[in-house]
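Visitor: Turn this into a model:
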Amino acid sequence: MHLSRRAVLSTGAASAGLAAAAASAGPREAAIPADPSGLVLAPSDSSDHTAALQAAIDQAAAQRVPLRLAPGTFDVGPIAIRPHTCLIGAARQTVLSFTGGASFLAAQAAPGVRLEGLVIDGNGLAIDAGRAMGLLALTDCTDVWIGGLEIRRGLLNGIMLQRASGRVTDCMLHDLAEAGVVSLDAEGLTIAHNAVADCGNNGIQVWRSAPGEDGTLIVGNRITNIAAKGGGSGQNGNGINVFRARGVTVSDNHIADCAYSAVRGNAAGNIQMVGNQCRTLGEVALYAEFAFEGAVIANNLVDGAASGIAVTNFSEGGRLAVVQGNLVRNLFRREAEPVDKRGVGISIEADAAVTGNVIENAPTAGIIAGWGPYLRDVAITGNVIRSAGVGILVSADPTAGACLVSQNMISGARDGAIRGMDHGVPVGPDLALATAPAVGRHSIAGNLAV
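Guide: Sure, this is the predicted structure:
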């Protein structure tokens, strides 16, 4: 017996019918279904739809046909997603409502999974973090497509992917205690055009167990209201958090109201942050830190942060960057912080070009180059800096490396256009003046201060 697209089953009769279908179908029938349009399942008055939904998923996956769920609410406990499951809801009118258990929707070594149009509601119920770290948890799953879901009210993460490849697109994820989407050790993943809001620690998180090539694309997402309830010094509170993953592209995202950063790359080599809109951030808006090698931060807009862009930690091996064509404005100082007050447009340390940026309203400094001895081979050229405390600060440490400051326009710098510094504290005369002495290995020429 085959259940066609037109055979709408109530959950009261579904289990028996599906069991009979499985018993009567031979191997050849399972491989070549009579009705490739798929099966349909509708909710009944039952208080528990778990068994009926699991049986329907098993049959549809075995036959490699879609399972379509009618509008309504399915009250379910733990559900196992099988290889080649194609589960389709009615344009977010189909709700899978969690009733409790060690996991909710989970798959292990299941290639070709397709999930579309569902509402996955965790109902604020606990799951076992040793069994599943998200309401939807996929492990060792290749060629996954997750599209058009709404995932909400989970006490851990919304989507947890481990060693997965495929796409997560056009989903809404909100009211989650940890993160919206988490990827660990991706094998070719795209996370695009999702709306992530009201998460406890991060919006989208791409990590690796050890440093390595990752290549995840994080494109065109809208991320808002991300807290840092887990505490720490920056591992939480970010719109997008990339850790140890090399070759990640973060582009064209709109990110606002995050406790720490819009995009934070920690030990994330060859990261690109391009064309992102970033507003109202509590710390550094765009951050490449610690043991990274290679960062391109270009054509972003930052409006409202303690610091606009930071490419730092040469002491830990952080080096090699291009910071170009960004608009950074309305920075602020965190006066309540004992040390790390910021108010800086762009900070840079080693093997980097900072060119063609526009910075406005940076109360501490428009651009900072180096930190104590940690400065090497930095070029700061062709930038426009308006209304800053100091236009450009360059480390005056005698062991600092070379820095070129040329062809910049600095307007309205209250405490000097270009000055040396000792760990953020301005020292010496304004180096933009014609009479200023040369400083170490720094070349300062052709700048306009007004």
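Visitor: so how many other residues sit close to the closest residue to residue 277 other than its chain neighbours?
Guide: In space, and not counting its chain neighbours, residue 277 is closest to residue 254: 4.6 Å by C-beta to C-beta, 6 or more residues apart in numbering. Glycine gets a C-beta too; all of them are placed from N, C-alpha and C. By the criterion of other C-beta atoms under 10 Å, residue 254 has 17 neighbours.
Visitor: Kindly report the same for residue 83.
Guide: Neighbours of residue 83 using other C-beta under 10 Å come to 16.
Visitor: Could you find the closest non-adjacent residue to it?
Guide: Using C-beta to C-beta, 6+ apart and skipping residues adjacent in sequence, the residue nearest residue 83 is residue 110, 4.4 Å away.
Visitor: pLDDT at the one you found, what is it?
Guide: On pLDDT, residue 110 comes in at 98.
Visitor: In contact with it: list those residues for me.
Guide: By C-beta atoms under 8 Å, 6 or more residues apart in numbering, residue 110 lies in contact with 81, 82, 83, 84, 85, 138, 140, 141.
Visitor: Could I get those residues in a markdown table, plus columns for pLDDT?
Guide: Below are the contacts of residue 110 laid out as a markdown table (pLDDT from 0 to 100):
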| residue | pLDDT |
| --- | --- |
| 81 | 98 |
| 82 | 98 |
| 83 | 98 |
| 84 | 97 |
| 85 | 98 |
| 138 | 98 |
| 140 | 98 |
| 141 | 98 |
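Visitor: still on that earlier bit, I'd like the distance between the residue nearest to residue 277 and residue 303.
Guide: 12 Å (C-beta to C-beta, to the nearest Å).
Visitor: quick one on the thing from earlier: is the residue nearest to residue 277 bridged to anything, and to what?
Guide: For residue 254, the beta-bridge partners under DSSP bridges are residue 222, residue 277.
Visitor: and it, how far is that from residue 378?
Guide: 30 Å.
Visitor: For the residue most central in space within the chain, which three-state class applies?
Guide: Central residue check for the chain by C-alpha atoms, centre = their mean: the C-alpha nearest the mean position is that of residue 240, 2.6 Å away. Per DSSP: H, G, I helix; E, B strand; the rest coil, the secondary structure class of residue 240 is strand.
Visitor: My read is that it contacts residue 219, right?
Guide: No - applying C-beta atoms under 8 Å as the test, residue 240 and residue 219 come out as separate, 10.8 Å apart.
Visitor: Between those two, which contacts overlap?
Guide: Common neighbours of residue 240 and residue 219, using C-beta under 8 Å, 6+ apart, are 250, 253.
Visitor: Where do the strands of the stretch 351-450 of the chain begin and end?
Guide: Counting by DSSP state E, counting those that start in this stretch, the stretch 351-450 of the chain has strands at residues 358-369, 376-381, 384-395, 403-406, 409-411, 418-422, 425-427, 442-445, 448-449.
Visitor: And the first one, what's buried?
Guide: Judged by neighbour count using 16 or more other C-beta atoms under 10 Å, the buried positions of strand 358-369 are 358, 359, 360, 361, 362, 363, 364, 365, 366, 367, 368, 369.
Visitor: Which pair in these has the greatest spatial separation?
Guide: Maximum pairwise distance among the buried residues of strand 358-369 (C-beta to C-beta): 19.8 Å, between 361 and 369.
Visitor: for the strands of the stretch 351-450 of the chain, which one sits closest to residue 213?
Guide: Nearest of the strands of the stretch 351-450 of the chain to residue 213, taken as C-beta to C-beta: strand 376-381 at 26.0 Å.
Visitor: CA atoms only: put the closest one into CSV for me.
Guide: Below are the C-alpha coordinates for strand 376-381, written out as CSV (Å, rounded to 0.1, in the frame of the first residue of the first chain):
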residue,chain,number,x,y,z
ARG,A,376,55.2,46.2,11.9
ASP,A,377,54.9,47.3,8.3
VAL,A,378,51.6,49.3,8.4
ALA,A,379,50.5,51.8,5.7
ILE,A,380,47.8,54.3,6.5
THR,A,381,47.0,56.2,3.3
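Visitor: Centre of the chain to it, how far?
Guide: Taking C-alpha atoms, centre = their mean, to the nearest Å, the mean C-alpha location of strand 376-381 is offset from the chain mean by 29 Å.
Visitor: so it versus strand 358-369, what angle?
Guide: 160 degrees (axes from the mean of the first three to the mean of the last three C-alpha atoms, to 10 degrees).
Visitor: by contact count, what packs against strand 376-381?
Guide: Identification of packing neighbours for strand 376-381 by 3 or more C-beta pairs under 8 Å, 6 or more residues apart in numbering; DSSP states H and E yields strand 350-355, strand 358-369, strand 403-406.
Visitor: Between these, which one is closest to residue 335.
Guide: Counting by C-beta to C-beta, residue 335 lies closest to strand 358-369 out of the helices and strands packed on strand 376-381; the figure is 10.1 Å.
Visitor: what's stretch 416-425 in contact with?
Guide: Stretch 416-425 has contacts (C-beta under 8 Å, 6+ apart) with 364, 368, 371-372, 390-397, 405, 410, 426-432, 439, 444, 447, 449.
Visitor: Buried residues, it. List them.
Guide: 416, 417, 418, 419, 420, 421, 424.
Visitor: In JSON lines: those residues, plus pLDDT and distance to residue 307.
Guide: As requested, the buried residues of stretch 416-425 are exported to JSON lines (pLDDT from 0 to 100; distance: C-beta to C-beta, whole Å):
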{"residue": "416", "pLDDT": "96", "distance to residue 307": "20"}
{"residue": "417", "pLDDT": "97", "distance to residue 307": "20"}
{"residue": "418", "pLDDT": "97", "distance to residue 307": "19"}
{"residue": "419", "pLDDT": "96", "distance to residue 307": "18"}
{"residue": "420", "pLDDT": "95", "distance to residue 307": "20"}
{"residue": "421", "pLDDT": "96", "distance to residue 307": "15"}
{"residue": "424", "pLDDT": "91", "distance to residue 307": "12"}
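Visitor: Sort out which one of those lies nearest residue 276 for me.
Guide: Ranked by distance to residue 276 (C-beta to C-beta), the buried residues of stretch 416-425 are led by residue 424 at 26.4 Å.
Visitor: Look up how far residue 341 lies from that closest one.
Guide: From residue 424 over to residue 341 the distance is 9 Å, taken as C-beta to C-beta.
Visitor: Show me whatever sits in contact with both of the two.
Guide: Each of residue 364 lies in contact with both residue 424 and residue 341 under the rule C-beta under 8 Å, 6+ apart.
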